[in-house]
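# Let me see the structure of the following:
(3 chains)
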Amino acid sequence: MIILFGIFIRYNPEADAHWPEFKKQQNITSDIENDFYFRYPSFQDVHVMIFVGFGFLMTFLKRYSFGAVGFNFLIAAFGIQWALLMQGWFHHLDFNDGKIKIGIENLINADFCVAGCLIAYGAVLGKVSAVQLMVMTLFGVTLFAVEEYIILNLIHARDAGGSMVIHVFGAYYGLAISRVLYRPNLDQSKRLQGSVYHSDVFAMIGTLFLWMFWPSFNSAIAGHGDGQHRAAINTYLCLASCVVTAVMISSVVEKKGRLDMVHIQNSTLAGGVAAGTAAEFMLTPYGCLIVGFCCGIISTLGYVYLTPFLESKLKIQDTCGIHNLHAMPGLIGGIVGAITAAAASKEVYSEEGFKLTFGFEGEFAHRTASIQGGHQAAGIAVALAFGLVGGTIVGIILKLPIWGDPADENCFNDEVYWEVPEDEESLPPPVEYNNHMMGKHTGP
Amino acid sequence: MIILFGIFIRYNPEADAHWPEFKKQQNITSDIENDFYFRYPSFQDVHVMIFVGFGFLMTFLKRYSFGAVGFNFLIAAFGIQWALLMQGWFHHLDFNDGKIKIGIENLINADFCVAGCLIAYGAVLGKVSAVQLMVMTLFGVTLFAVEEYIILNLIHARDAGGSMVIHVFGAYYGLAISRVLYRPNLDQSKRLQGSVYHSDVFAMIGTLFLWMFWPSFNSAIAGHGDGQHRAAINTYLCLASCVVTAVMISSVVEKKGRLDMVHIQNSTLAGGVAAGTAAEFMLTPYGCLIVGFCCGIISTLGYVYLTPFLESKLKIQDTCGIHNLHAMPGLIGGIVGAITAAAASKEVYSEEGFKLTFGFEGEFAHRTASIQGGHQAAGIAVALAFGLVGGTIVGIILKLPIWGDPADENCFNDEVYWEVPEDEESLPPPVEYNNHMMGKHTGP
Amino acid sequence: MIILFGIFIRYNPEADAHWPEFKKQQNITSDIENDFYFRYPSFQDVHVMIFVGFGFLMTFLKRYSFGAVGFNFLIAAFGIQWALLMQGWFHHLDFNDGKIKIGIENLINADFCVAGCLIAYGAVLGKVSAVQLMVMTLFGVTLFAVEEYIILNLIHARDAGGSMVIHVFGAYYGLAISRVLYRPNLDQSKRLQGSVYHSDVFAMIGTLFLWMFWPSFNSAIAGHGDGQHRAAINTYLCLASCVVTAVMISSVVEKKGRLDMVHIQNSTLAGGVAAGTAAEFMLTPYGCLIVGFCCGIISTLGYVYLTPFLESKLKIQDTCGIHNLHAMPGLIGGIVGAITAAAASKEVYSEEGFKLTFGFEGEFAHRTASIQGGHQAAGIAVALAFGLVGGTIVGIILKLPIWGDPADENCFNDEVYWEVPEDEESLPPPVEYNNHMMGKHTGP
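Okay, here's the model as predicted:
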């Protein structure tokens, strides 16, 4: 990795010490127009989503919090390095000197790329080893970079928030792997598959940071100015609407009208996924509410009816229910994007806004809205295909008995891979400790 | 909601795809001058305060963490949609086409509006149903929008951080509701009214995110440039001073000099509340320390002496002690704002700074500092009146026996409204699990 | 404190209401060029690191979470006020009127200064009283301001992320204090020195927020434009590389290949420490990976081999292992900075970038790269000397028997200084509660 970085990776002009010269050449009047100031706050929010958001969202299992947050940390940190290289080769290679010039936008894209792999981790959470996760991430990042190149550069579909590129690909990649690694005797570790009270509260940390920063996720690499502004507003509205719907549906489907934490932790986020592709488009505020409304319903019902069906009939064991949180909302997002693009008009976008929003310049200068709509739809198909085929192949690789995966009865158990501290709760408290608690203190 | 959004809500010019045209018309030279880049980082911080800050601050109860963080999530997400409409009608309606044009500042204002309702939730935490909370939020947002319109537009008081508009209103709204919903037999659920060790640590997550991001809260909608800069500094200093004082007082009043987590979790924040109205003013750094100092004392003593008094004599059951955290510091903040405004001079502010800070333009161009001081004081009275009267009326509505409120012995208990996982702690650990812990592993 | 602020502290021109005049004088065309917009997002990230990052990182002990997060809160809030004064006197005193003019950069510097003291707190965590911590912070901030003045202003070493100024000083300051306060009978509180399952998860909150926001820490006061941009990229890469290495080493050294949470919580951060001094330099992306790689190895091995050695042979009891997380990586960072500076050339940096990066203007206009390298190395020695000598003296002061420090058997126990709630776990659940859990509910 170090050698590859040494050969290929350099700073881009906005991060290089030659910036004062570059600024003069480009007639940039102020340091504040460095891309850093456009994107850094969003980058940090995305970074929080990747490490705290995804990490803590998966801590809901009673005895797999170390694995959730720790392995998430490991594979994300590994993945972003590999992603800088892979995405660099496909998107940012400077053909003059054969170098990849990185700046803040590359860091965001690397985080996005890793997000795809972390989504996939959700499907196999608790059932694979750290080594398997590293392999999964290595291939996942590679596939992601290729798929992203095809969708964004060749097909020239737009996907600011990655509904297709990140969520559809990541989810089906994970589900395909989980299908190949199907464990018929997984109920041997059934006692560890649930949550406890405080692990559900930890998971809410993940949920909330994902939810709050999703507007940054969808706007992070959108166009400067109105593009980022509109993407943030659209996502905010989708998410708000989705929460209300998800809670209502959860209350309706559960016995006695009680709410289920699984739905609150996951289905409330579906709106952000679905707002991804069309985030930058003129989706209109009420359009956002409609998208959020639909996602809240579909995602919650998915947890109630579809996940058990997937497990029993299709033999897909989906620990975190990523099919409901990422796959279906991602598909909705892709479709919404295709429709919105096909319906775009120069009256709504203005002559120049139309070009900027859809990137109709250079070889794409003559594309029309309806053609763009078709290409958006093609993007969904590519993401789906890469996820399913790539996941199946990687799943077969991971099935090789050389990766140290846990036995069925040890799934969802941190003790296999972690030094776990002795727990007071499951041991009688030592006498001297009790004495102390009731006894005398020194101190002020 | 979707229909209302469809009829009324549109993007404002800075979020609309017509931005490139608008930019030319307005002679804006760079995308970075889009309001998005002035306010988005502050918006995200405020967003964290609303969802993680308020949500986790209320998780201190041993068995109401789901309700604290989950219902907070629900009513905030519902409230911001309704707030966009209500605040839009009162503040942002474009009379040319009858539409509300939203941008990043509206999202911040919607979050602010919801903050008022979440403060009120603090008073009734654990004693109301989700439906009651929705009703409370619906009316609360509506009252807030009217009160805000009167204070900021008609009276033309300044309130960048909302000491009056948000905190005084929200706190008295909640306290009045709590008074009407008084439960004489609440001690039937006394065993659930305390905290446990880790619930106090969860609550500190809320405290710290509120504390850290309060400078963003108070500066989010302050004037561009020096206004936001000064508001952030003022709030930072108030808060720092308040923490030290609160800890000292907590140590003095408790037996054996020990500290009480309730004070650390709440009273440390009072400085931020009190810095709200005067945040943008030339409060001076030492003025901030004085304000923080006073709030730390008053708020901590309030928890020790006033909360028991309110409950026993005035029959106000205030679960989170919002009277000490929001009501009293909010009043202090309003008074400090009135005094600072009345004492303002053109020497201190400069000719142009004076106009900008107090918005003395248009019909208010001839207002003087002392007149402004009087109008600030009037603002406090309006906020107080709206809170008390509005809260009483809404309280009476909520007393109707149709909202599914919990019985006295089921207060502060998540199991009424949530699917709560079986807890290992209260069950003997299953044998096979113990065996496993001591026994053999597979794996690497 | 209030009096001192009253005498000395004023707003700087960018935060003062005279800003509109100042803007005209300086030919600044837009409010967005106020330093606030360059630095505020980074400031808030640093703020999170100080209060949530350091606070929660230390919650790993099973019964010292209140002390970790609460005392951290107290001394940080106290320290930033004192730091504004001390750093102001040394760095920001306006000799025309004898006032300190504060702005956003001062708030960041105050947070940095406090970081040094919080690092020192890590060494004595659980073994000192709140009063001792206040004394330690009072002297620590004072020493820090002097040392910072010598290193940055007199020696004119560069240290954007504070590897030397913050980490080396803070770590050796804490270790020297811990040495003086050596407790031979500390194993009397051995039962409380470990973690429990959920306290390790809490600590991960601290780890992740430190890790994620470290690019902001190292770039917060770097030069506008390319300086901040490059510092963020360098730190990001160092940290990513460090995580992967730390996990690998942790797995190799532990029996059965299992991972140790202590390493994941701490050693993963060493890369950020080491990236501090050279953050702004042209360290090159592969150079960052190498630095992170080395730090991950050294820090993890330090936890395994060096910490026990320090305790048994040198009588330094280092609760959080700050020697491995801050001292050694800080020294590495200083050395990397010295080498990178000595090797700098005008080809790599460009004529103007060279001057800007190293601040070669005014009296330092004729300094060469190799001379700068020497001065960087001198900076390390100064930081080390201040830490060791200052820490020893302050340790002797803290050994006086007037500060209410806890007895050996009460170390690491919150009950000495906090009102700790009764814990369900160590008590049999009350009957009526159990009945309730199994029994009937009211509600919707």
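
# Just the closest residue of the stretch 251-400 of chain A to chain C, please.
A:Gly257 (4.4 Å; Cβ to the nearest Cβ). C-betas here are computed from N, CA, C, even on glycine.

# count of residues packed around that residue?
Here the number of neighbours of A:Gly257 (other Cβ atoms under 10 Å in any protein chain shown) works out to 16.

# Tell me how far it lies from B:Gly126.
With distances taken as Cβ to Cβ, to the nearest Å, A:Gly257 is found 18 Å from B:Gly126.

# How about A:Ser250?
Counting by Cβ to Cβ - A:Ser250 and B:Gly126 are separated by 20 Å.

# How about A:Phe90?
54 Å.

# With neighbour numbers in mind, choose between those two.
Neighbours of A:Phe90 and B:Gly126, each counted by other Cβ under 10 Å, are more numerous for B:Gly126; the result is 25 against 18.

# A:Phe60 and A:Asp200 touch, don't they?
Yes. With contact defined as Cβ atoms under 8 Å, A:Phe60 counts as touching A:Asp200 (5.8 Å).

# ok, which stretches of the stretch 1-150 of chain A are strands?
Using DSSP state E, counting those that start in this stretch, the strands of the stretch 1-150 of chain A run over A:9-11, A:93-94, A:99-102.

# CA atoms only for stretch A:256-274 - export them in CSV, please.
Extracted C-alpha coordinates of stretch A:256-274, given in CSV (Å, rounded to 0.1, in the frame of the first residue of the first chain):
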residue,chain,number,x,y,z
LYS,A,256,-50.7,-3.6,21.5
GLY,A,257,-49.5,-0.7,19.4
ARG,A,258,-46.1,-0.7,20.9
LEU,A,259,-43.1,0.5,19.0
ASP,A,260,-40.2,-1.7,17.9
MET,A,261,-36.7,-0.3,18.3
VAL,A,262,-35.6,-2.1,15.2
HIS,A,263,-37.9,0.0,13.1
ILE,A,264,-36.9,3.2,14.9
GLN,A,265,-33.2,2.4,14.5
ASN,A,266,-33.4,1.5,10.8
SER,A,267,-36.5,2.4,8.9
THR,A,268,-36.3,6.1,9.9
LEU,A,269,-33.1,6.3,7.7
ALA,A,270,-34.7,4.9,4.5
GLY,A,271,-35.7,8.4,3.4
GLY,A,272,-32.0,9.5,3.3
VAL,A,273,-31.2,6.5,1.1
ALA,A,274,-34.0,7.2,-1.3
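
# With chain B in mind, check whether it reaches it.
Yes. Against chain B, stretch A:256-274 shows contacts by Cβ under 8 Å from any Cβ of the partner chain at A:258-261, A:264, A:268.

# If any of those are buried, put those into a PyMOL selection.
To isolate the buried subset of the residues of stretch A:256-274 next to chain B in PyMOL, counting by 16 or more other Cβ atoms under 10 Å in any protein chain shown, use the following:
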select buried, chain A and resi 258+259+260+261+264+268
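
# just the residues of stretch A:256-274 next to chain B now: which is nearest A:Lys346?
Nearest to A:Lys346 out of those is A:Thr268 (Cβ to Cβ; 36.3 Å).

# which element is the spatially closest residue to A:Phe281 that is not a sequence neighbour on?
Of all residues not flanking A:Phe281 in the chain, A:Thr340 sits nearest, at 4.6 Å (Cβ to Cβ, 6 or more residues apart in numbering or on different chains). Per DSSP states H and E: A:Thr340 is located in helix A:328-342.

# tell me how far that helix is from the chain's mean position?
Distance, stretch centre to chain centre, for helix A:328-342: 17 Å (Cα atoms, centre = their mean, to the nearest Å).

# what does stretch A:28-36 give?
So, by Cα atoms, centre = their mean, the centroid of stretch A:28-36 is 30 Å from its chain's centroid.

# can you pull the buried residues of it?
Here stretch A:28-36 shows A:28, A:30-36 as buried, counting by 16+ other Cβ under 10 Å.

# now those in TSV, with distance to chain B?
Output for the buried residues of stretch A:28-36, formatted as TSV (distance: Cβ to the nearest Cβ, whole Å):
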residue	distance to chain B
A:Ile28	9
A:Ser30	8
A:Asp31	11
A:Ile32	6
A:Glu33	6
A:Asn34	9
A:Asp35	10
A:Phe36	11
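
# What is the nearest of those to A:Leu314?
A:Asp35 (44.6 Å).

# With adjacent residues omitted, what lies nearest to A:Leu181?
Using Cβ to Cβ, 6+ apart and skipping residues adjacent in sequence, the residue nearest A:Leu181 is A:Gly395, 5.9 Å away.

# Does that neighbour touch A:Leu175 like I think?
No. Here A:Gly395 lies out of contact with A:Leu175, judged by Cβ under 8 Å, at a distance of 9.7 Å.

# Of all the residues in the longest helix belonging to chain A, which ones are buried?
The longest helix of chain A (DSSP state H) is helix A:369-399. The neighbour-count check on helix A:369-399 (16+ other Cβ under 10 Å) flags A:369, A:372-373, A:375-380, A:382-384, A:386-388, A:390-391, A:394-395, A:398 as buried.

# Could I get the contacting residues of A:His156?
By Cβ atoms under 8 Å, 6 or more residues apart in numbering or on different chains, the contact set of A:His156 is A:359, A:364, A:367, A:375.

# Whichever residue of the stretch 1-150 of chain A sits closest to chain B: how many residues sit nearby?
Of all residues in the stretch 1-150 of chain A, A:Pro41 sits closest to chain B, at 4.3 Å by Cβ to the nearest Cβ. Counted by other Cβ under 10 Å, the residues lying close to A:Pro41 total 25.

# pretty sure A:Gly333 is touching A:Val273, no?
Yes. Applying Cβ under 8 Å as the test, A:Gly333 and A:Val273 come out as touching, 5.9 Å apart.

# what do these two both touch?
Joint contacts of A:Gly333 and A:Val273 (Cβ under 8 Å, 6+ apart) are A:163, A:167.

# Turn the buried residues of stretch A:28-36 into JSON lines, columns for pLDDT and distance to chain C.
Shown next, in JSON lines, are the buried residues of stretch A:28-36 (pLDDT from 0 to 100; distance: Cβ to the nearest Cβ, whole Å):
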{"residue": "A:Ile28", "pLDDT": "83", "distance to chain C": "9"}
{"residue": "A:Ser30", "pLDDT": "83", "distance to chain C": "6"}
{"residue": "A:Asp31", "pLDDT": "85", "distance to chain C": "4"}
{"residue": "A:Ile32", "pLDDT": "85", "distance to chain C": "6"}
{"residue": "A:Glu33", "pLDDT": "85", "distance to chain C": "9"}
{"residue": "A:Asn34", "pLDDT": "88", "distance to chain C": "5"}
{"residue": "A:Asp35", "pLDDT": "88", "distance to chain C": "8"}
{"residue": "A:Phe36", "pLDDT": "90", "distance to chain C": "4"}
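
# can you tell me which of the residues you listed are in helices?
Short answer: these in helices (DSSP H) are A:35-36.

# List just the nearest of the buried residues of stretch A:28-36 to A:Met328.
Out of the buried residues of stretch A:28-36, the member with the shortest distance to A:Met328 (by Cβ to Cβ) is A:Asp35, at 34.4 Å.

# Please list all residues in contact with that closest one.
A:14, A:103-105, C:229.

# quick one: which of these is most hemmed in?
Busiest of those [other Cβ under 10 Å] is C:His229, holding 29 neighbours.

# tell me the centre residue of chain A?
Nearest to the geometric centre of chain A sits A:Ala115, at 3.7 Å (Cα atoms, centre = their mean).
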